[in-house]
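Novice: what's the 3D shape of this:
(chains A and B)
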Amino acid sequence: MFDIKSIRDNPAVFDAGLKRRGLEPLSAKLLVLDEARRAHVTKLQEAQARRNAASKEIGRAKGAKDEATAARLMAEVASLKDFLTSGEKTEKAETAKLDAALADIPNLPRDEVPDGADEKANVEVRRFGDPKAVPAAALNKPKQHFEIGEALDMMDFESAAKVSGARFVFLKGQLARLERALGQFMLDIHTEEFGYTEVNPPLLVRDDAAYGTGNLPKFEADLFFVQSFPLESGELDQLVAEAGFPRDQPLKEQLRFVMGVAKANRRTLIPTAEVSLTNLVREQILDEDALPKRFTACTPCFRSEAGSAGRDTRGMIRQHQFTKVELVSVTTPEKSLEEHERMTACAENILKRLGLPFRTMLLCTGDMGFASQKTYDIEVWLPGQDAYREISSCSVCGDFQARRMGARYRPKGSKDVKFVHTLNGSALAVGRTLVAVLENYQQADGSVMIPEALRPYMGNKDRIAKAQ
RNA sequence: GGAUGGGUGGCCGAGUGGUUUAUGGCACCGGUCUUGAAAACCGGCGUGCUCGCAAGGGUACCGGGGGUUCGAAUCCCUCCCCAUCCGCCA
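Specialist: Predicted structure coming up:
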């Protein structure tokens, strides 16, 4: 969310930032809304000032038993009433209009972010490990993870399709345990070595929270929602009568109406723990001493993957439900860039310990998420795909989310309050880490070696093999 | 699901229609005192918007929205949220 004042002060800079994101200039349009609103507010406030002054005099006049003066003033205030009533409504409407326009604008890239339209313009900043040195490199044709998992009889997409539909999976036996082990392993490192506080957060959140991180209102289609439907028997008939249920309209319209009613009672299934964790500081004014705050959580994430039909349809790469260990930091503006590097290093550290080759990419302007100012993606080597694939994304959001959430802090020795900076990163996406372990550690006989660091979490076994 | 009680500034908490600008305390900031600190004392101290070069002024906000009134934290309606008890329940 942008501060309209900063756009007013520097429209050219704002539009230039949008352009780097591949968007048309918006400042002119926004400033028209802003101008109209301010002109109106000024007029309204003058009328309110007159009303308040007169009302005070009325109080004094009545106290002095001067009924004639009181009556005259009352008549004067009454004449303002129409404008005051309508004017307050207009102000609300104009503010809402401006806010709605601002809420859909993505964060602007920092200067050091490379320009570009898509992932082809991302810039590699470093690399770790050698794809030719992993166990799978010894094989003629390394298999993809779903081939390995299905052959082990521990990864079942067919049953998942029957039970839940496409883009779900059953993990069984040692692979179910491997998923659990990975989550534990990552959490232990982040809490014990990197100072993150482990959190077990709500998976269902209010719209306000999803708005705070930037998932709403623009990306509603990417989310899943749950609710207990608010209507009891008879209430629907009442709604039809009062609000005009569009019964004679196409089904789509009827559905839209019902969804509108339902929206009031819904909860969002978190698409990432970033939503729950970042909103931990919403609507607060923190002491600077309390910063940075560092949270981590291992949670299921839910994404509708609308618009990604046909992409990564096989296997576990792109699922409606997956597990992820998330890192969130809340810092001062001065420390946020440094924290971004630190966070990315925490994520990379997991891959290093698992012996998985990766490269770290600085995303270009066209590939960054909505709330981000600057993002590093970490891409892990997948021998079965013969490619690097995203396994982590670490973003610094500046005050973009903080404004949406009302998350502020009081700088030491200052009376002013400022917005905090927020950061989030995956460390790591557990499902994809499992994929990477399978593909990199696969053996010719179809079994999978367990990386050393993970063995304590796997009953000290050294490999996953098909049950006899 | 039923019943009751609540939602006031960073925190705690008073305030049932005006004649003061929302008590008071804590925390915080400045000062006096002190070698320094603490204590004590004095002063300051909510957030947003808006007008103004500035100093400063205006306005809104006491969970959200609507209403009554010349005037609402206070009265009415409605919604949301929180807490407690009962019921059900992993």
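Novice: Show me the shaky parts of chain A.
Specialist: By pLDDT under 70, the weakly predicted segments of chain A are A:63, A:228-247, A:253-254, A:256-265.
Novice: can you list the residues of it near RNA strand B?
Specialist: Chain A comes close to RNA strand B at residues A:3-5, A:34, A:38, A:41-42, A:45-46, A:48-49, A:51-56, A:58-60, A:62-63, A:74, A:77-78, A:81, A:85, A:88-89, A:92, A:228, A:230, A:264-265, A:285, A:413, A:415-417, as judged by CB under 7 Å from any atom of the strand. For the C-beta atoms, the positions are set from N, CA and C on the backbone; glycine is no exception.
Novice: Can you flag the buried ones in those residues?
Specialist: A:4, A:34, A:51, A:54, A:58, A:77 (16 or more other CB atoms under 10 Å).
Novice: can you put those residues in CSV and add secondary structure?
Specialist: Shown next, in CSV, are these (DSSP: H, G, I helix; E, B strand; the rest coil):
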residue, secondary structure
A:4, helix
A:34, helix
A:51, helix
A:54, helix
A:58, helix
A:77, helix
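Novice: Mind telling me the two of those farthest from one another?
Specialist: A:4 and A:58 (37.2 Å; CB to CB).
Novice: For residue A:30, give its distance to residue A:8.
Specialist: Distance, residue A:30 to residue A:8, using CB to CB, to the nearest Å: 9 Å.
Novice: same thing with residue A:104?
Specialist: Counting by CB to CB, the gap from residue A:104 to residue A:8 is 18 Å.
Novice: try residue A:307
Specialist: 34 Å.
Novice: what residues are up against the closest residue to RNA strand B within the stretch 251-400 of chain A?
Specialist: Per CB to the nearest atom of the strand, residue A:285 is where the stretch 251-400 of chain A lies closest to RNA strand B, at 4.0 Å. Counting by CB atoms under 8 Å, 6 or more residues apart in numbering, residue A:285 touches A:408-410, A:417.
Novice: Compile these into CSV and extend it with columns for secondary structure.
Specialist: Listed next are the contacts of residue A:285 as CSV, based on three-state DSSP:
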residue, secondary structure
A:408, strand
A:409, strand
A:410, strand
A:417, coil
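Novice: and those residues as CSV, adding distance to residue A:221?
Specialist: Output for these, formatted as CSV (distance: CB to CB, whole Å):
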residue, distance to residue A:221
A:408, 31
A:409, 34
A:410, 38
A:417, 35
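Novice: So how do I select the buried members of the residues you listed in ChimeraX?
Specialist: Selecting only the buried entries of those in ChimeraX, with 16+ other CB under 10 Å as the criterion:
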select /A:408,409,410
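Novice: Assign residue A:268 to helix, strand or coil.
Specialist: With three-state DSSP as the basis, residue A:268 sits in strand.
Novice: Near it, how many other residues are there?
Specialist: Other residues near residue A:268 number 24, with proximity taken as other CB atoms under 10 Å.
Novice: Tell me the bridge partners for it.
Specialist: residue A:205, residue A:225 (DSSP bridges).
Novice: I'd assumed residue A:219 was in contact with it.
Specialist: No - look at residue A:268 against residue A:219 with CB atoms under 8 Å: they stay out of range, at 10.5 Å.
Novice: joint contacts of these two?
Specialist: By CB under 8 Å, 6+ apart, no residue touches both residue A:268 and residue A:219.
Novice: Please, where are all the strands along the stretch 101-250 of chain A?
Specialist: Along the stretch 101-250 of chain A, the segments classed as strands by DSSP state E, counting those that start in this stretch run A:123-128, A:155-156, A:170-171, A:197-198, A:204-205, A:224-226.
Novice: any idea how far the second one is from the chain center?
Specialist: Using CA atoms, centre = their mean, to the nearest Å, the mean C-alpha position of strand A:155-156 is found 29 Å from that of the whole chain.
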